[in-house]
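1. return a 3D structure for these sequence lines:
(chains A and B)
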Amino acid sequence: MNHNTLTLLKVQMLGFLGWNQMRHSHVKKGMSSFAILCFLSLLLIFYSVILAMGLVLAKMAALIAPLTAVICVVITLISTLQKSRPALFTCSDYDLVMALPVSVRAVVQSRLLSIYCISFLFSTSFFLPAGIVCGMAGGKDISYWLMLIPALFLLPLLPTAVGAVLSAAITAASVRSRHKNLLSILLGLLLFIAIMAGLFFFLGSDHPGTQLQAAAVSVSRAAGKIYPPAAWYALAVNNGNWGAYLLFALASTGITALLVSILTHNYPALHAALENQHTGRQQNVLQAEKRKILSPTSAFYHKELHRYFSCPVYVLNTMPGPILIVLFSAVLLFLSPEKVASMAGIPIIAVWLRRLAPLLPSMFVCMSCTTAASVSLEGKTRWITCSAPVSQKVVFRAKIAVNLTILLPAVFVSGLLLLFGLHLPPVQAIFTFVLPCIYSLFIAVVGLLLDISRPQFDWTSEMVPVKQGMPMLFTLLIGFLAVFPPILLTFSFSGSAAFIYGGTAVLVLLLTCLLYHHLLRLPLQWQ
Amino acid sequence: MMKPMLQIQDLTKRFGTKTAVGHLNLTVEPGDIYGFIGQNGAGKTTTIRAVVGVMPFDAGEIRIDGHSVREEPVLCKSVTAYIPDNPDLYEYLTGIQYLDFIGDIFRVPADRRQKRIRKYSSLLGLTPVLGDLISSYSHGMKQKLAVLSTFLHTPKLLVLDEPFVGLDPEASYHLKAMMHELCAGGSAIFFSTHVLEVAEKLCNKIAILKDGKLIASGKTEDVRGNSSLEDVFLEVVGHES
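-> Numbers count the residues shown, from 1 in each chain, chains lettered A, B, ... in the order given. Okay, the predicted model is just below:
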């Protein structure tokens, strides 16, 4: 790594979460993002400590290392898959950077390092606390601690490189297609589903019907199969085996270096291919009968849909929610709640799955909000919307409609699957459709309100508003907080579920109306 | 008496403590091609953005065709067309999709839309690329597409910020012809430019802005007097400090 790499990295990190603007502007727009980042890190630390202490109490401290390692790898891999394309291939400062007297290697390294830094933060937040609990509870010697600290840096290396190369491969596979973005989205979603299915298979298939302890052992074994470096690391720290540690370190650094070299070698060609748009399908575009005349609302809606599907990171960030609803509901169609409870070793789950049926899809719905980045994504093109002769209601409705278009089909499919899978009584069945629909509207309005209140237009990569934007993070948090109370109430007052669902529906709908009313009173000028 | 197409009264816009535009008064009549010139940072783009309703202003009034931009923004926008200095368009749409989007927003009937797209795309040499994504266009092609989109709906007021930057000579020639044709139909054009020769030849009225204040305005021949516009411009704004 040379000076140029670090200089480029510094510039990118200055733009991260608006930190530089926070330092040099009277508008403290980065402050809330920073607070959210701290909150997420604290949440990971909390989960990590709980998991580690649970395993120590269950006398399974040896499982801490492989479990936390594999969880960090999955977090890093998924996060890198989502960030790589915008950071590496669709950034608007590519020409500027490539025209500088720096090597391609420095450019690629700086971009990968920026992804690595964010992954490192989350990975360390999860890995380190568990490692400390394990070390202290197990009375580990000095070699454990000497292995733990470098492992913090080594662990996210390989998944970052693998994620970037997979993302490049998806980009390369889709580059020849006229609908390259759509193909890229499909391949990305397929990969996401494959990872989820793989995890489900490894977690669920080895020991059906056994208790949590056996499940943890199976996860640990699976970790070794899925990601051998995690097993080598576990062997090293649990047995003080420096040979295994060396293997882990060499695999992490060596394979990463190799993958980065491959990526660097192909980077300019891949970028050039991406920019080389398809032409030549001209002869019929002017035929009037092939084009529809739309109302301003429909025109904005179609424009928003095009915008959504043109941005893979946008889709990959918001599509997992609806996909997970459908996958989860499909699993319950084929596996009874009793079977799922037996696999998890927690019999009470069967009862709660039925009781919480309307709230489970609602939870996934609140994870998926397209509107929270929709205003920021207008970026430099916002002059078109601002100067268009339409009221802001038209623009807002179009943005909300896109969110509903993404969520409602999944809500209806999952509702049907849950209805048949869980054999729900009529009232439960109705709320299984109604509540997620209301939450879909709620989360769309909340996201839009937050984004229009604090839009970020000066981005160089779509990843900034979609993945790092404060409105997106806050919307997820509010969504979580909105679903949590009815879940808690259903747990506490199990006999009054219908009243709880009814009350929740009315309250959330009322809140949505109030927020929408407030939204319409916000100024249209998006400066 | 004819109603002014654009009337700016006492317009003031501040950014923090800096006054970008101060107490600006200006009237554009139907049929005018009104050039707006000034140095970088003089407040031209700020004024233009306030006129088209993209930027709120602190004081004063802007009326388009008799309607207040502040009180009836949608009505004002429906008779105005605007091209910014750097027209960033929706890169994820094709050229024809973008034109249809603008046509839908301005409710341009299908037959009229079709006729105009054919006419102007052929004139500007855009027809072969209308099916391509805008992201594949050069800067000049994007500029041409933005120009084409503004002529889809026959605006009463056309507001352009540096419209000739990036256009090839042939496209510039056609744009000038299109501007004359539009104004002959009773519309008005208000545009900023740094190309003083273009302003001198094309505009029947000129306004010169310096540090957010209007320092000269009126008919081109009156502003210019016996000198060239370049000499006048350098004399009034070029010799500061």
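
2. can you pull the poorly scored residue ranges out of the stretch 101-250 of chain A?
-> Residue ranges of the stretch 101-250 of chain A with pLDDT under 70: A:175-180, A:196, A:198-223.

3. which residue does it have closest to chain B?
-> In the stretch 101-250 of chain A, no residue comes nearer to chain B than A:Asn181, which is 7.7 Å away by C-beta to the nearest C-beta. C-betas here are computed from N, CA, C, even on glycine.

4. in this structure that residue contacts A:Ser174, no?
-> Yes. The criterion here is C-beta atoms under 8 Å, and A:Asn181 meets it with A:Ser174 at 7.5 Å.

5. longest helix of chain A, counting residues only.
-> Determined from DSSP state H, the single longest helix within chain A is helix A:104-137.

6. which other helices and strands does it contact?
-> Applying 3 or more C-beta pairs under 8 Å, 6 or more residues apart in numbering or on different chains; DSSP states H and E, we find helix A:104-137 packed against helix A:3-15, helix A:31-57, helix A:64-84, helix A:94-98, helix A:142-154, helix A:157-174, helix A:256-275.

7. quick one, which of those is nearest to B:Pro169?
-> Counting by C-beta to C-beta, B:Pro169 lies closest to helix A:94-98 out of those; the figure is 25.8 Å.

8. grab the nearest non-local neighbour of the residue most central in space within chain A.
-> Central residue of chain A (C-alpha atoms, centre = their mean): A:Asn317, 5.0 Å from the mean position. For A:Asn317, ignoring the flanking residues on the chain, the nearest one in space by C-beta to C-beta, 6 or more residues apart in numbering or on different chains is A:Val466 at 5.3 Å.

9. what's that neighbour in contact with, if anything?
-> A:Val466 makes contacts with A:86, A:311, A:313-314, A:317, A:373, A:377, A:472, as judged by C-beta atoms under 8 Å, 6 or more residues apart in numbering or on different chains.

10. what stretches of the chain score poorly on pLDDT?
-> Looking at chain A here, since you left the chain open. Applying pLDDT under 70 to chain A picks out residues A:1, A:15-33, A:92, A:175-180, A:196, A:198-223, A:275-284, A:288-290, A:343-346, A:523-527.

11. try again with chain B
-> Using pLDDT under 70, the flagged stretches of chain B are B:1, B:238-241.

12. one more time with 50
-> Applying pLDDT under 50 to chain B picks out residues B:240-241.

13. those helices in it, which residues are they?
-> For chain B, applying DSSP H gives helices covering B:44-51, B:73-78, B:95-105, B:110-124, B:139-150, B:169-184, B:196-202, B:220-224, B:229-237.

14. packing partners for the fifth one?
-> It stands for helix B:139-150. Packing contacts for helix B:139-150, counted by 3+ C-beta pairs under 8 Å, 6+ apart, involve strand B:80-83, helix B:95-105, helix B:110-124, helix B:169-184.

15. quick one: the shortest one to chain centroid distance?
-> Relative to its parent chain, strand B:80-83 has a centroid offset of 6 Å by C-alpha atoms, centre = their mean, to the nearest Å.

16. name the residues of it that are buried.
-> Residues of strand B:80-83 classed as buried by neighbour count (16 or more other C-beta atoms under 10 Å in any protein chain shown): B:80-83.

17. mind checking how far A:Asp451 is from B:Leu133?
-> Distance of A:Asp451 to B:Leu133, computed by C-beta to C-beta, to the nearest Å: 25 Å.

18. these two: which is more packed in?
-> A:Asp451 (28 against 21; other C-beta atoms under 10 Å in any protein chain shown).

19. how about the more buried one, what does it touch?
-> Contacts of A:Asp451 by C-beta under 8 Å, 6+ apart are A:371-376, A:465, A:469, A:471-472.

20. 10 Å - rerun?
-> Applying C-beta atoms under 10 Å, 6 or more residues apart in numbering or on different chains, we find A:Asp451 in contact with A:369, A:371-378, A:399, A:465, A:469-472, A:474-475, A:526.

21. my guess is A:Glu378 contacts A:Pro455. True?
-> Yes. A:Glu378 is within contact range of A:Pro455, at 7.9 Å (criterion: C-beta atoms under 10 Å).

22. list the beta-bridge partners for the residue nearest the centre of chain B.
-> A centroid search over chain B (C-alpha atoms, centre = their mean) returns B:Leu160, at 1.8 Å, as the residue closest to the centre. Listed by DSSP bridges, the beta-bridge partners for B:Leu160 are B:Ile83, B:Phe191.

23. from A:Gly188, how far out is it?
-> B:Leu160 sits 41 Å away from A:Gly188, going by C-beta to C-beta.

24. just A:Pro320 next, same as before
-> From A:Pro320 to A:Gly188 the distance is 10 Å (C-beta to C-beta).

25. just A:Phe126 next, same as before
-> Look at A:Phe126 and A:Gly188: by C-beta to C-beta, they are 24 Å apart.

26. ditto for A:Ala197
-> 15 Å.

27. what of B:Gln39?
-> In terms of C-beta to C-beta, B:Gln39 sits 49 Å off from A:Gly188.

28. on that earlier part again, let me know the helix or strand that the residue of the stretch 101-250 of chain A closest to chain B is in.
-> Assigned by DSSP states H and E, A:Asn181 belongs to helix A:180-204.

29. and the nearest residue to B:Ala216 once chain neighbours are set aside, how far from B:Ile37?
-> Nearest non-adjacent residue to B:Ala216, counting by C-beta to C-beta, 6+ apart: B:Ile208, 4.3 Å away. Relative to B:Ile37, B:Ile208 is positioned 5 Å away (C-beta to C-beta).

30. intersection of neighbour lists for those two?
-> In contact with both B:Ile208 and B:Ile37: B:199, B:216, B:223, B:229, B:232-233, B:237, using C-beta under 10 Å, 6+ apart.

31. so what's A:Tyr267 up against?
-> Shown in contact with A:Tyr267 (C-beta under 10 Å, 6+ apart): A:88-89, A:94, A:98, A:104-105, A:107-108, A:111, A:168.

32. now, which of those residues sits nearest A:Leu332?
-> A:Ala168 (36.5 Å).

33. now for the helix or strand A:Met363 falls within, which elements pack on it?
-> Secondary structure from DSSP H and E places A:Met363 in helix A:359-365. Here helix A:359-365 touches helix A:320-334, helix A:392-422, helix A:426-453, helix A:470-492, helix A:497-520, going by 3 or more C-beta pairs under 10 Å, 6 or more residues apart in numbering or on different chains; DSSP states H and E.
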